[in-house]
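>>> Next comes the sequence, and after it the predicted model I'd like to discuss.
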Amino acid sequence: MSAPAAPSPTPGSDPARNVPAWLLGVVPLVLIVLALGAFLALDGPGLADRTGPPVEELAVERTTLKPGSIAVTVRNDGPDAVTIAQAQVNDAFVQFTGAETPIGRLGTATVRLQQPWVEGEAYSVVLLTSTGATVAHEIAAAVPTPETDTSFFGLMALLGIYVGVIPVALGMLWLPWLRRVPPAWMRGLMALTIGLLVFLAIDATLEGFELAAEGSQAFGGQALVLIGAVASFLLLTGVSEVVKRRGRRAASAGAPGGTLAMLVAIGIGLHNLGEGVAIGAAYATGALALGAFLVVGFALHNTTEGLAVVAPVANEQPRLRRLALLGVIAGAPAVLGAWIGAAAFNSSVAAFLFGFGAGAIVQVIVQLAPTLRDDDGRSLHPVAVGGMLAGLVLMFGTGLLVSV
């Protein structure tokens, strides 16, 4: 008599159904760790030894000028350690201190060159590695690096107020005029606001790309701008949804005016944060001419941002305290940015912040877009197109007054 056949598995049954879910998630992770550990323990079987010279890449992140010395902070962008053997200033070898040991991957070192310099003159700094590779850095106009004391931070705060807080506050004074504008004109004004924001988004992205190209590439380079933009867009979108779920009144054309105004202020504030970083860094390196004309140029350029903040609430009656909060959110980040840029400037961080600001502005544009719809449901009708083009032209024209 033959033994009974084993019962066949039920169609569609899962053998791992009785296994705890956490164990199913941990097992692949453990196997991956064991595989990598075995690969490293066996010294990478199958990989031939490296041939050829080391790959040496150094990026100059900061230059500090003090009487009788030039300090250059560098970061190792390459896969191999770098040893600095010699230094030149204007083709003449000079004594230096710092970087006595090899600089490992992603490591930093400050090389202090014993070199008298004359204010306003240009200097070419060249660092020579132990393998003969060179790293060149140009100083267009030598100026003393300011001391980061209380008066210095006070000056940066004042500069941030001049170019951020005051212009936005002046632009918000258009609110009484906006309330008298016929309803049909409001679509044109909202389109003007979108045009202003489009210009700011493009400007922030290009500034970020430029800074990323000048700094260390090991952290992503220009990709940091895009990463910052995506992160900001997603974060601000999530915040917007949370705000709308808290019972704010609905509006047929999109989000409530108060919500839109807050989002506009946040987007412009993040842009001004990146702008403040650039201004502070330019001041610290002597590349910013602190003339009255330049301050006026920044003020005119940023005044239009105040108009963008108050346009969504033109048909409402916000309290003065609410308007003051919107103005601080939009303009005050320029002060923080100026502090960061002047005291601890880093090209990679600045590039990320510019991208973060650009992403926030794009998210605000998405929120504002429904307010352009006319009675026929069109968003790109002639009034909207004309308003957006006017916003671009206005920002471009005032931007010509600004030169950092």
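Great, that's in hand. Numbering: from 1, shown residues only.
>>> can you give me the helices in the stretch 151-300 of the chain?
For the stretch 151-300 of the chain, the helices defined by DSSP state H, counting those that start in this stretch occupy 166-171, 175-179, 183-214, 223-245, 257-284, 292-310.
>>> quick one, which of those helices is nearest to residue 146?
helix 257-284 (6.3 Å; C-beta to C-beta). Where C-beta positions appear, they are placed from N, C-alpha and C, glycine not excepted.
>>> how distant is that closest one from the center of its chain?
10 Å (C-alpha atoms, centre = their mean, to the nearest Å).
>>> how about residue 178, what does it touch?
186, 189, 310, 311, 314 (C-beta atoms under 8 Å, 6 or more residues apart in numbering).
>>> Residue 173 contacts residue 306, correct?
Yes. Using C-beta atoms under 8 Å, residue 173 is in contact with residue 306, at 7.3 Å.
>>> Of these two, give the one with the bigger neighbour count.
residue 306 (25 against 12; other C-beta atoms under 10 Å).
>>> Touching, the more buried one and residue 169? I think so.
Yes. Using C-beta under 8 Å, residue 306 is in contact with residue 169, at 6.4 Å.
>>> Which neighbours do these two have in common?
With C-beta under 8 Å, 6+ apart, residue 306 and residue 169 have common neighbours residue 327.
>>> Now do the same contact list for the closest residue to residue 220 other than its chain neighbours.
Spatially, and ignoring its direct neighbours in sequence, residue 220 is nearest to residue 227 (6.7 Å; C-beta to C-beta, 6 or more residues apart in numbering). The neighbours of residue 227, taking C-beta under 8 Å, 6+ apart as the test, are 220, 352, 355.
>>> Let's see if you can find the most crowded of those residues.
Across those, neighbour numbers were computed from other C-beta under 10 Å; residue 355 holds the maximum, 30 neighbours.
>>> so which helix or strand takes in that one?
Per DSSP states H and E, residue 355 falls inside helix 347-368.
>>> And the contacts of the helix or strand just after that helix?
As assigned by DSSP H and E, the chain's next helix or strand after helix 347-368 is helix 382-399. Residues from elsewhere that reach helix 382-399 (C-beta under 8 Å, 6+ apart): 184, 187-200, 203, 297, 300-301, 303-304, 372, 374, 378.
>>> the inter-axis angle of helix 382-399 versus helix 183-214?
Here the directions of helix 382-399 and helix 183-214 differ by 40 degrees (axes from the mean of the first three to the mean of the last three C-alpha atoms, to 10 degrees).
>>> Please name the bridge partners of residue 93.
Residue 93 has the following beta-bridge partners by DSSP bridges: residue 88.
>>> and the helix holding residue 355, what other elements does it pack with?
Packing partners of helix 347-368 (3 or more C-beta pairs under 8 Å, 6 or more residues apart in numbering; DSSP states H and E): helix 183-214, helix 223-245, helix 257-284, helix 333-343.
>>> Now render the ones you listed as TSV, adding mean pLDDT and distance to residue 38.
Formatted as TSV, those follow (pLDDT from 0 to 100; distance: least, C-beta to C-beta, whole Å):
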stretch	mean pLDDT	distance to residue 38
helix 183-214	83	38
helix 223-245	80	32
helix 257-284	78	46
helix 333-343	83	45
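>>> Out of those helices, flag the one nearest residue 105.
Using C-beta to C-beta, those put helix 223-245 closest to residue 105, at 18.1 Å.
>>> Could I have the CA atoms of the closest one written out in PDB?
C-alpha atoms of helix 223-245 as PDB (Å, rounded to 0.1, in the frame of the first residue of the first chain):
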ATOM      1  CA  ALA A 223      22.800  68.900  -8.300                       C
ATOM      2  CA  LEU A 224      22.500  70.500  -4.900                       C
ATOM      3  CA  VAL A 225      20.500  73.300  -6.400                       C
ATOM      4  CA  LEU A 226      18.000  70.800  -7.900                       C
ATOM      5  CA  ILE A 227      17.900  68.800  -4.700                       C
ATOM      6  CA  GLY A 228      17.200  71.900  -2.700                       C
ATOM      7  CA  ALA A 229      14.400  72.900  -5.100                       C
ATOM      8  CA  VAL A 230      12.700  69.600  -4.900                       C
ATOM      9  CA  ALA A 231      13.000  69.300  -1.100                       C
ATOM     10  CA  SER A 232      11.600  72.800  -0.700                       C
ATOM     11  CA  PHE A 233       8.700  72.200  -3.200                       C
ATOM     12  CA  LEU A 234       7.700  69.000  -1.400                       C
ATOM     13  CA  LEU A 235       8.100  70.500   2.100                       C
ATOM     14  CA  LEU A 236       6.100  73.600   1.300                       C
ATOM     15  CA  THR A 237       3.400  71.600  -0.400                       C
ATOM     16  CA  GLY A 238       3.000  69.500   2.800                       C
ATOM     17  CA  VAL A 239       2.800  72.600   4.900                       C
ATOM     18  CA  SER A 240       0.200  74.100   2.600                       C
ATOM     19  CA  GLU A 241      -2.000  71.000   2.900                       C
ATOM     20  CA  VAL A 242      -1.700  71.000   6.700                       C
ATOM     21  CA  VAL A 243      -2.700  74.700   6.800                       C
ATOM     22  CA  LYS A 244      -5.700  74.100   4.500                       C
ATOM     23  CA  ARG A 245      -6.900  71.200   6.700                       C
END
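>>> All good on my end, thank you.
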